[in-house]
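*Asks:* just to be clear, the model below is a prediction. Sequence and coordinates:
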Amino acid sequence: MDHAARRDRLRATLTAAGCELLLVTAANDVRYLTGFSGSNGAVLIGEEAARDLLVTDARYRERIGTLDIAGVELDRRLEAVVAGLGRAPLGVDVEHVTLAAAQRLEAARDGEALVRTSGLVAALRATKDAAEIARIARACAITTDVLGALAARGLTPGVSERALARDVERAFLDRGADGVAFPTIVASGPNGASPHHGVSDRPLAPGDLVTIDCGAEVDGYRADMTRTLHVGPVALVAGQLVEVHRVVEAANAAGRAAASVGGDVAVVDRAARQVVEDAGYGEAFVHPTGHGIGLDVHEAPLVTQRSTASLPVGTTFTVEPGIYLPGIGGVRIEDSLVILEGAVDVMTDLERGLIPA
């Protein structure tokens with residue numbers, strides 16, 4: 001990955017943001033700009049590349065040898081580094097620096113105020129280069145493979161949500177993933193009414209719908225995929241839930257079809273949401289239609305009705321409509337997509353309907 005080119009693109013935004021230097025502290029922003037993935041790291045980006053500086057500690061002395069940034073500070077705390085910058089306008093991202101941290105940094109500069117910025121790195125990260133897309137696509141392929149095998153095998157009554165989640169995550173690793181993108185959600189029966197249920201010790205029962213929201217992680221990049229499967233014969237599933245599943249399947253298809261190269265993000269949300277509303281379940285669709293994916297599982301762009309973002313080449317994002325009925329259950333079907341030159345590719349293309357058993 002060309003981290004230096006990414007730093008140059010960020011550098012070009014500094015003057016308009018009112019700063020001569022930008023202090024980047026969010027772990028995945030630091031990784032995006034330098035390749036450094038340790039737990040303690042910050043990077044200073046200057047108006048000239050010679051001023052770029054990664055600040056970490058001696059635990060990572062060996063790791064930094066592989067990076068493409070020349071300036072590295074291992075021996076001083078961040079406040080001490082900042083104190084040596086003089087009165088040059090120093091920007092921070094208000095989304096990632098706490099008030100306490102900002103006060104410490106300003107105290108280190110003898111009270112010189114920081115320049116407040118927001119989203120400078122996030123805006124760059126919203127569109128991915130080929131190396132990033134390859135990693136996300138690999139994570140999606142592993143995730144699709146695991147869920148496909150699970151759907152083909154069928155869900156076993158009596159297995160707990162927790163045990164099923166462990167099996168899914170173990171399968172990711174067995175297929176070459178570096179880790180899991182986020183803790184796997186397995187929401188069975190009435191637990192499906194909670195969009196972010198997590199897992200419990202509830203055993204799967206015949207007639208349950210089970211929402212499985214999961215993702216593999218490859219070299220820091222994450223997949224995000226959801227399928228809602230059934231336990232036992234489809235004939236045992238309550239009729240309303242079968243109907244809801246069909247509505248969500250249609251909403252997912254409408255959202256995917258609405259995505260276009262250079263198109264509007266809001267159009268994707270409206271297309272999926274309209275299907276749900278027309279079926280009479282609008283109030284039960286309680287979250288955005290999707291979000292960007294990359295080094296974070298939730299990043300720009302957020303796929304909402306109010307979004308003003310577009311879908312340039314390199315955008316990776318999800319389409320995940322859902323319907324949630326308290327006390328009854330719920331359905332979510334989610335795919336990860338990428339905008340390519342002249343095409344929209346679904347990276348998690350797997351059967352979405354209920355398969356008779």
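*Replies:* Good, I have the coordinates.
*Asks:* Gln240 sits in which helix or strand?
*Replies:* Gln240 is located in helix 239-258, with elements delineated by DSSP states H and E.
*Asks:* give me the contacts around that helix.
*Replies:* 209, 228, 234, 267-276, 279, 281, 285, 289-290, 303, 319-323, 325, 328-335, 337, 344, 346, 352-354 (Cβ atoms under 8 Å, 6 or more residues apart in numbering). For glycine as for every other residue, the C-beta is placed from the backbone atoms N, C-alpha and C.
*Asks:* tell me the pLDDT of the spatially most central residue of the chain.
*Replies:* Residue closest to the average C-alpha location in the chain (Cα atoms, centre = their mean): Val297, at 1.6 Å. Per-residue pLDDT puts Val297 at 97.
*Asks:* equivalent analysis for Ala357, please.
*Replies:* For Ala357, the model assigns a pLDDT of 65.
*Asks:* thinking again about what came up before, among the contacts of helix 239-258, which are located in strands?
*Replies:* 209, 228, 290, 303, 319, 322-323, 325, 329-332, 335, 337, 344, 346 (DSSP state E).
*Asks:* grab the nearest non-local neighbour of Phe285.
*Replies:* Of all residues not flanking Phe285 in the chain, Val276 sits nearest, at 4.6 Å (Cβ to Cβ, 6 or more residues apart in numbering).
*Asks:* burial count for the one you found?
*Replies:* Neighbour count for Val276, taken as other Cβ atoms under 10 Å: 23.
*Asks:* that one is in contact with His287, isn't it?
*Replies:* No. The pair Val276 / His287 is not scored as a contact, 11.5 Å apart, by Cβ atoms under 8 Å.
*Asks:* that older thread, who are the contact partners of the residue nearest to Phe285?
*Replies:* 247-248, 251, 282, 284-285, 321, 323.
*Asks:* pick the one among those residues closest to Ala181.
*Replies:* Closest to Ala181 out of the contacts of Val276 is Pro321 (19.9 Å), distances taken as Cβ to Cβ.
*Asks:* send the alpha carbons of stretch 7-19 over as PDB?
*Replies:* What follows is stretch 7-19, C-alpha atoms only, in PDB (Å, rounded to 0.1, in the frame of the first residue of the first chain):
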ATOM      1  CA  ARG A   7      -0.300  11.300   3.500                       C
ATOM      2  CA  ASP A   8       0.300  13.600   0.500                       C
ATOM      3  CA  ARG A   9      -3.500  13.700  -0.100                       C
ATOM      4  CA  LEU A  10      -4.100  14.500   3.500                       C
ATOM      5  CA  ARG A  11      -1.300  17.100   3.400                       C
ATOM      6  CA  ALA A  12      -3.100  18.900   0.600                       C
ATOM      7  CA  THR A  13      -6.100  19.600   2.900                       C
ATOM      8  CA  LEU A  14      -4.200  21.200   5.700                       C
ATOM      9  CA  THR A  15      -4.200  24.800   4.500                       C
ATOM     10  CA  ALA A  16      -7.900  24.900   4.000                       C
ATOM     11  CA  ALA A  17      -8.400  23.400   7.400                       C
ATOM     12  CA  GLY A  18      -6.300  26.200   9.000                       C
ATOM     13  CA  CYS A  19      -3.400  24.200  10.300                       C
END
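*Asks:* and the contacts of that stretch?
*Replies:* Contact with stretch 7-19 is made by 20-22, 33-34, 45-47, 49, 52, 69, 89-91, 115, 117, 120-121, 123-124, as judged by Cβ under 8 Å, 6+ apart.
*Asks:* give me the subset of the residues you listed lying in strands.
*Replies:* Those of the contacts of stretch 7-19 lying in strands (DSSP E): 21-22, 45-46, 90-91, 115, 117.
*Asks:* report the two of those separated the most.
*Replies:* Pairwise over the ones in strands among the contacts of stretch 7-19, using Cβ to Cβ, the maximum falls at Gly46 and Thr117, 14.5 Å.
*Asks:* strands of the stretch 51-200 of the chain, residue ranges please.
*Replies:* 53-55, 72-73, 90-93, 115-117, 179-180, 185-188 (DSSP state E, counting those that start in this stretch).
*Asks:* right, and those - which one's nearest Gly215?
*Replies:* So among the strands of the stretch 51-200 of the chain, strand 179-180 is nearest, using Cβ to Cβ, at 6.9 Å.
*Asks:* and the closest one, what does it pack onto?
*Replies:* helix 161-174, strand 216-218 (3 or more Cβ pairs under 8 Å, 6 or more residues apart in numbering; DSSP states H and E).
*Asks:* next one: that strand to chain centre, how far?
*Replies:* 13 Å (Cα atoms, centre = their mean, to the nearest Å).
*Asks:* name every strand pairing with it and say which way it goes.
*Replies:* Here strand 179-180 has these sheet partners by DSSP bridges: strand 216-218 (antiparallel).
*Asks:* next, the buried residues of the strand it pairs with.
*Replies:* Neighbour counts over strand 216-218 (16 or more other Cβ atoms under 10 Å) mark 216-218 as buried.
*Asks:* could you redo those as a markdown table and give each row pLDDT?
*Replies:* Compiled in a markdown table, those are given as follows (pLDDT from 0 to 100):
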| residue | pLDDT |
| --- | --- |
| Ala216 | 98 |
| Glu217 | 98 |
| Val218 | 98 |
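*Asks:* ok, back up a step: out of the contacts of Val276, flag the one nearest to Arg61.
*Replies:* For those, with Arg61 as the reference and Cβ to Cβ as the criterion, the closest is Pro321, at 48.1 Å.
*Asks:* please name the nearest non-neighbouring residue to the closest one.
*Replies:* The spatially closest residue to Pro321, leaving aside those adjacent along the chain, is Ala251, at 3.8 Å (Cβ to Cβ, 6+ apart).
*Asks:* what separates the residue of the chain most remote from its centre from Leu85, distance-wise?
*Replies:* Farthest-out residue of the chain from its mean C-alpha position, per Cα atoms, centre = their mean: Asp110, at 38.3 Å. For Asp110, the distance to Leu85 (Cβ to Cβ, to the nearest Å) stands at 11 Å.
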